[in-house]
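# With the input below, show me the fold.
(2 chains)
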Number of protein chains: 2
Amino acid sequence: MAGEPPLQLRVFDLNCWAIRYLSKRRQERVQLIGDKLRREGFDLALLQEVWSEQDYKDLKAKLAGCYPFSHYFQSGVIGSGLCVFSRFPILDTFLYQYSLNGYPYMLQHGDWFCGKSVGLVIIKISGIIFNVYVTHLHAEYCREKDAYLPHRLVQAWELAQFIRHTSKAADVVLLGGDLNMHPEDVGIRLLRGWTGLRDAFAEATRFEGCEDGCTLVPSNCFTVKAELLPFPLGIRIDYILYKAISSFTVKCEELKTTKGTAPGVDIPLSDHEAVMATLHIERQGQAVGAPLSSTEPRLVDVVTEARTEVELGLRAARRQRYSSGRMAVLALLLLLLQAAAVLGTLVGLGAGQPFPKLSFSLLAFLAIGILLLAAGLHVFHTMEVKMLQGTEQQMRMVLRALQEQPSHG
Amino acid sequence: MAGEPPLQLRVFDLNCWAIRYLSKRRQERVQLIGDKLRREGFDLALLQEVWSEQDYKDLKAKLAGCYPFSHYFQSGVIGSGLCVFSRFPILDTFLYQYSLNGYPYMLQHGDWFCGKSVGLVIIKISGIIFNVYVTHLHAEYCREKDAYLPHRLVQAWELAQFIRHTSKAADVVLLGGDLNMHPEDVGIRLLRGWTGLRDAFAEATRFEGCEDGCTLVPSNCFTVKAELLPFPLGIRIDYILYKAISSFTVKCEELKTTKGTAPGVDIPLSDHEAVMATLHIERQGQAVGAPLSSTEPRLVDVVTEARTEVELGLRAARRQRYSSGRMAVLALLLLLLQAAAVLGTLVGLGAGQPFPKLSFSLLAFLAIGILLLAAGLHVFHTMEVKMLQGTEQQMRMVLRALQEQPSHG
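From the prediction side, this is the model:
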């Protein structure tokens, strides 16, 4: 088998930014995406933010010839936005929803309703089992004061755990998606360290595309320029990662990104640039174990760093749980006070003075509103505390295991 | 290795019914459960409905000597209720939350807030990798008109998929839990068929306990007698299931259940009976493939049956989504009508007649209430439709694969 020609796999990854009613020139762009996929004939296309199932169906109809296999992951209220098109049969699929997903009251970001998740499709090509993951992690809206960092770290951790636990029978693992993290961020280092995945951009023999491999660039007409002000070249937040598990090696021969608007058309495919990797997969004569010992000390550091961030988030979540609980109790007290006043009036006390009905009702209305809101927030922050706690515990367990290993091995 | 003595593993499984403020004599019973676990020295204890983390911590403190390793799965607002105590080190853990979990407006059942999920702990004993799963599926509240059946089927399917995808590197798979399904129910047949898990009760060489292995019996003083009226012996809804993946065999030598109140104490451990299995695990000279071909035709039937039920649920969910949407639109129309009336009064039309302020406000209040409720239900049923659809699609994909296999192989 070692003499076989290497398998070449061309992978396309794009955050399509196809939100009905919200994304600009959505239908035209979905057309363009379909055209590009059909024209270039990739082996695999991993798409995010295809929120409208109709867009998926249109793409599916258009691509039936060159990508006969596809899957759309259902999840949340409006779907997961994740889908995969493949030249090769999809053997099985599985979806995992992240447990934390930003704050429900940050409605302008809308992420909370989107059921952020990671989808797995299993594909077999020439006898090689590929576990292909596609995901979209929670966005960062303000790099300086990133309230979402703990949530994104929990997601990165859950993603890493999901990949580790589900990829044990795979020969090759591929992950494509908008991870919403810069290459040096702790979440990316955690994900890469804990799964052993390698970054196609960093490993590529040839590269062609936006400078530094950026996928959110100021020259794209749909990006929000203000958000990219601190990064004149743009940022790299969309990735193709890979690793070989058993007796295979994977190499990234070429990595490309789109560069805003293509010649001959007037708009880019999306506000993100597409990432396109050409991978070479080769069967090895013997199993190659990952050089774990050399990377382990760094892994301990990364997990420690991530754990510190999660702990900070946990403290903030506890404070918010406390404040929302206190607010709910205060609103309840106000309501009780009002009820007592009404009762007092009914039994004749203070009947002498007229009762200011309108302002009284308004106050009651306000108190009920605050009570409901504060109670809802309290429930949410309780859940947040639980999930951050659970992740922190898991990280602690992993750290203990990592620190014990050298003495055992 | 084939000459090694078989490994004996004693597993304890119990739905502890330890809900703070709700479960009768909870603290005494948690004490009794701890006593039993300490006295009998099992290898593994899989507990459900330990909703209070304090109860878990008390058990952990009490059992530190005989079960030095344990894990409590965090999830949802009040936790997952799932925990594991083990004599052997826990290498890793992972939690999967089911996507559907009953109806939010069936509050008396409370299941919706509980974050029903399946927990995985990985344990290594004498070089054998055990993937141990503990879960608690949604309860059935009325067998004749079981509105939850589609939800439970989605859970059974997700449980089976989770086990399949995460157990590929395991030597032995164990599943313990309150599956809330009778042995012949389609959900159990689906789970067993699709994972290859075997029922310890059915396979046991020796059995001792409640008749037919029932785990919810009328003689238990905490069970609701009315619910068990159609089943004079009780029902069997708590299970220990197992299978060997690689070159191992697992046999259930003995299965026991508790029988209500133990001699010398005045209350049983829980409203459920505990299930206790003694398993023998032996290394085989050669890998034993599961006799898939003989079970496959039955698997196709089971998946078809399950898919039909999910489709029925999908139709019902679509109807409910439609009704709740219509209700929301009607409430919105009423509000708009009222707003128009108010505007009309303000600009002087109909100023002749006095305006019935109180009833008008009450009506507006009612309309707002109905609007919010109906909108919430609409969102929920939309999510329900998505999840049922997703499961139905997955089942269809599996059926296609199962039906194609014979011609390929």
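
# Could you pull out the strands in the stretch 101-250 of chain A for me?
A:117-125, A:128-136, A:172-178, A:198-199, A:206-208, A:238-244, A:248-257 (DSSP state E, counting those that start in this stretch).

# Would you tell me which of those gets closest to chain B?
With CB to the nearest CB as the criterion, chain B lies closest to strand A:117-125 of these, at 7.1 Å. (C-beta placed from N, C-alpha, C; glycine too.)

# what's around the residue nearest to A:Glu384 when sequence neighbours are not counted, how many residues?
Setting aside the residues directly before and after it, A:Glu384 is nearest to A:Ala317 in space (CB to CB, 6 or more residues apart in numbering or on different chains), at 4.5 Å. Look at A:Ala317: counted by other CB atoms under 10 Å in any protein chain shown, it has 23 neighbours.

# returning to that earlier point: make CSV out of the strands of the stretch 101-250 of chain A and add mean pLDDT.
Formatted as CSV, the strands of the stretch 101-250 of chain A follow (pLDDT from 0 to 100):
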stretch, mean pLDDT
strand A:117-125, 94
strand A:128-136, 96
strand A:172-178, 97
strand A:198-199, 96
strand A:206-208, 96
strand A:238-244, 97
strand A:248-257, 96
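
# so can I have a markdown table of these showing mean neighbour count and distance to chain B?
Formatted as a markdown table, the strands of the stretch 101-250 of chain A follow (neighbours: other CB atoms under 10 Å in any protein chain shown; distance: least, CB to the nearest CB, whole Å):
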| stretch | mean neighbour count | distance to chain B |
| --- | --- | --- |
| strand A:117-125 | 22 | 7 |
| strand A:128-136 | 24 | 9 |
| strand A:172-178 | 26 | 13 |
| strand A:198-199 | 18 | 21 |
| strand A:206-208 | 13 | 34 |
| strand A:238-244 | 25 | 15 |
| strand A:248-257 | 20 | 16 |
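
# so which of those strands comes closest to B:Thr166?
Comparison of the strands of the stretch 101-250 of chain A against B:Thr166 by CB to CB identifies strand A:117-125 as nearest, at 10.8 Å.

# Run me through the strand neighbours of that closest one, direction for each.
Strand pairing for strand A:117-125, using DSSP bridges, gives strand A:90-97 (antiparallel), strand A:128-136 (antiparallel).

# Tell me the gap between the longest one and the middle of its chain.
Spelled out, that is strand A:128-136. 15 Å (CA atoms, centre = their mean, to the nearest Å).

# Without its sequence neighbours, what residue ends up closest to the residue of the stretch 1-150 of chain A at minimum distance from chain B?
With CB to the nearest CB, the shortest gap between the stretch 1-150 of chain A and chain B falls at A:Gln74, namely 3.1 Å. Of all residues not flanking A:Gln74 in the chain, B:Gly390 sits nearest, at 3.1 Å (CB to CB, 6+ apart).

# would the one you found count as being in a helix?
Yes - using DSSP: H, G, I helix; E, B strand; the rest coil, the assignment for B:Gly390 is a helix.

# contacts for stretch A:48-64?
Stretch A:48-64 is contacted from outside by A:14-20, A:26-27, A:30, A:33-34, A:37-38, A:47, A:70, A:72, A:78-79, A:81-83, A:85, A:114, A:134-136, A:177-178, A:270, using CB atoms under 8 Å, 6 or more residues apart in numbering or on different chains.

# and the gap between A:Ala375 and B:Val342?
Distance of A:Ala375 to B:Val342, given as CB to CB, to the nearest Å: 31 Å.

# Between the two, which is the more surrounded one?
Legend: neighbour count by other CB under 10 Å for A:Ala375 and B:Val342, higher for A:Ala375 (17 against 13).

# host element of the more buried one?
helix A:357-408 (DSSP states H and E).

# Return the distance of that helix from the chain's centre.
Going by CA atoms, centre = their mean, where helix A:357-408 is centred and where its chain is centred differ by 20 Å.

# can you give me the angle that helix makes with strand B:90-97?
Our comparison of helix A:357-408 with strand B:90-97, counting by axes from the mean of the first three to the mean of the last three CA atoms, to 10 degrees, yields an angle of 150 degrees.

# same question for helix A:357-408, mean pLDDT?
Averaging pLDDT along helix A:357-408 yields 84.

# what packs against it?
If contacts are counted by 3 or more CB pairs under 8 Å, 6 or more residues apart in numbering or on different chains; DSSP states H and E, helix A:357-408 sits against helix A:149-166, helix A:292-346, strand B:90-97.

# Using a markdown table, lay out those together with mean pLDDT and distance to A:His280.
Listed next are the helices and strands packed on helix A:357-408 as a markdown table, based on pLDDT from 0 to 100; distance: least, CB to CB, whole Å:
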| stretch | mean pLDDT | distance to A:His280 |
| --- | --- | --- |
| helix A:149-166 | 92 | 22 |
| helix A:292-346 | 87 | 23 |
| strand B:90-97 | 91 | 32 |
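
# just the ones you listed: most buried one?
helix A:149-166 (a mean of 25; mean count of other CB atoms under 10 Å in any protein chain shown).

# quick one, phi psi at A:Phe73?
The phi/psi pair for A:Phe73 (degrees, to the nearest 10) reads phi -90, psi 120.

# burial count for it?
A:Phe73 has 29 nearby residues by other CB under 10 Å.

# Next: A:Arg396.
A:Arg396, neighbours per other CB under 10 Å, totals 14.

# Excluding chain neighbours, give the residue nearest to it in space.
By the measure of CB to CB, 6+ apart, the closest residue to A:Arg396 outside its immediate chain neighbours is A:Arg307, 6.8 Å from it.

# Isn't that neighbour up against A:Gln394?
No - using CB atoms under 8 Å as the test, A:Arg307 is too far from A:Gln394 to be in contact (9.5 Å).

# thinking again about what came up before, so is the residue of the stretch 1-150 of chain A closest to chain B in a helix, a strand, or just coil?
Relying on three-state DSSP, one would call A:Gln74 coil.

# Also the one 5 residues further on?
For A:Gly79, the secondary structure call by three-state DSSP comes out as coil.
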